[in-house]
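Colleague: the following block contains a protein sequence and its predicted model.
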Amino acid sequence: MTDTKIVTFKKEWRGYAIGEIAGFDSDAAASLIQSGRAMAYVAPGISEKAPAGGGAKKPAARKGGKAAETVDPVDPIDPLDPVDPIDPIDPVDPVDPVDPEEPDEKP
């Protein structure tokens, strides 16, 4: 049995929409990631730097001084590689579904 890799789609591919998450065998997932259609899935709220199994402890409060600044959680989507949504009004490859030279009805 092969290992299943989970990916998040950055571009539409074979019925998968942008942002959808799916699991594939290692070879297919590597191909999707290499082609730029998907990226490796990162579970929200899980940091790669966090120790496994250990709960985060709150530091003891100090008297006086400044309050600790809150830190925003890291966005799992890579900000250096933004996802470009497809414009539904002006698609890149427009397809003309009707031939304008042939009317639907005969005169």
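Modeller: Alright, I've got the coordinates. Numbers count the residues shown, from 1 in each chain.
Colleague: what separation do you get for the closest residue to Ala17 other than its chain neighbours and Ala28?
Modeller: Of all residues not flanking Ala17 in the chain, Phe9 sits nearest, at 6.9 Å (C-beta to C-beta, 6 or more residues apart in numbering). (Glycine included, C-beta is placed from N, CA and C.) Noted for Phe9: a distance of 13 Å to Ala28, by C-beta to C-beta, to the nearest Å.
Colleague: also Ala43?
Modeller: 20 Å.
Colleague: between the two, point out the one with more neighbours.
Modeller: Taking other C-beta atoms under 10 Å, Ala43 and Ala28 do not tie; Ala28 has more neighbours (16 against 9).
Colleague: what helix or strand does the more buried one sit in?
Modeller: helix 26-35 (DSSP states H and E).
Colleague: need the CA coordinates for that helix. PDB is fine.
Modeller: The C-alpha trace of helix 26-35 is given here as PDB (Å, rounded to 0.1, in the frame of the first residue of the first chain):
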ATOM      1  CA  SER A  26       3.000  10.000  -3.300                       C
ATOM      2  CA  ASP A  27       3.800  10.100  -7.000                       C
ATOM      3  CA  ALA A  28       0.600  11.900  -8.000                       C
ATOM      4  CA  ALA A  29       1.000  14.400  -5.200                       C
ATOM      5  CA  ALA A  30       4.600  15.100  -6.100                       C
ATOM      6  CA  SER A  31       3.600  15.600  -9.700                       C
ATOM      7  CA  LEU A  32       0.800  18.100  -8.700                       C
ATOM      8  CA  ILE A  33       3.100  20.000  -6.400                       C
ATOM      9  CA  GLN A  34       5.900  20.100  -9.000                       C
ATOM     10  CA  SER A  35       3.600  21.400 -11.700                       C
END
